[in-house]
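Visitor: Sequence first, then the predicted structure, then my questions.
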Amino acid sequence: MTHYICTGGCEGVSDKVGVCQDEHCPKRSMPLTECNCTDNSHPDAQKQTE
Ligand SMILES: [Zn+2]
Ligand SMILES: [Zn+2]
């Protein structure tokens, strides 16, 4: 199932298109990234993590 994740490191996940709402996240108010993983690994969320 498609879901939407934050790539800012807050591990935010939504089942709808939206923006990050974690006030401590560097990507707050930034659009969430579409993810289609089936095991909650959210590989796309880790692309920008060093
Ligand atoms: Zn976030
Ligand atoms: Zn995912």
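Guide: That came through fine. Ligands and ions are numbered 1, 2, ... in the order given.

Visitor: Which positions in this structure make contact with ligand 1?
Guide: 6, 8, 10, 12, 20, 22, 25, 27 (Cβ under 5 Å from the ion). The C-beta positions use only the backbone N, C-alpha and C, and glycine is treated the same way.

Visitor: what does the chain put close to ligand 2?
Guide: 35, 37, 42.

Visitor: Wait, residue 27 touches residue 21, no?
Guide: No - with contact defined as Cβ atoms under 8 Å, residue 27 does not reach residue 21; the gap is 10.4 Å.

Visitor: These two: who's more crowded?
Guide: Legend: neighbour count by other Cβ atoms under 10 Å for residue 27 and residue 21, higher for residue 27 (18 against 13).

Visitor: Name the nearest residue to the more buried one, ignoring sequence neighbours.
Guide: With Cβ to Cβ, 6 or more residues apart in numbering as the measure, residue 8 is the residue that lies nearest to residue 27, at 2.9 Å, once sequence neighbours are left out.

Visitor: Contacts only, for the one you found.
Guide: 20, 22, 25-28, 30 (Cβ atoms under 8 Å, 6 or more residues apart in numbering).

Visitor: Which ChimeraX command selects the buried ones in the residues you listed?
Guide: Burial among the contacts of residue 8 is assessed by 16 or more other Cβ atoms under 10 Å; the matching ChimeraX selection reads:
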select :20,25,27
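
Visitor: tell me which of the contacts of residue 8 is nearest to residue 2?
Guide: residue 20 (17.2 Å; Cβ to Cβ).

Visitor: Just want the phi and psi numbers for that closest one.
Guide: phi -70, psi 140 (degrees, to the nearest 10).

Visitor: same check, this time on residue 44
Guide: phi -70, psi -20.
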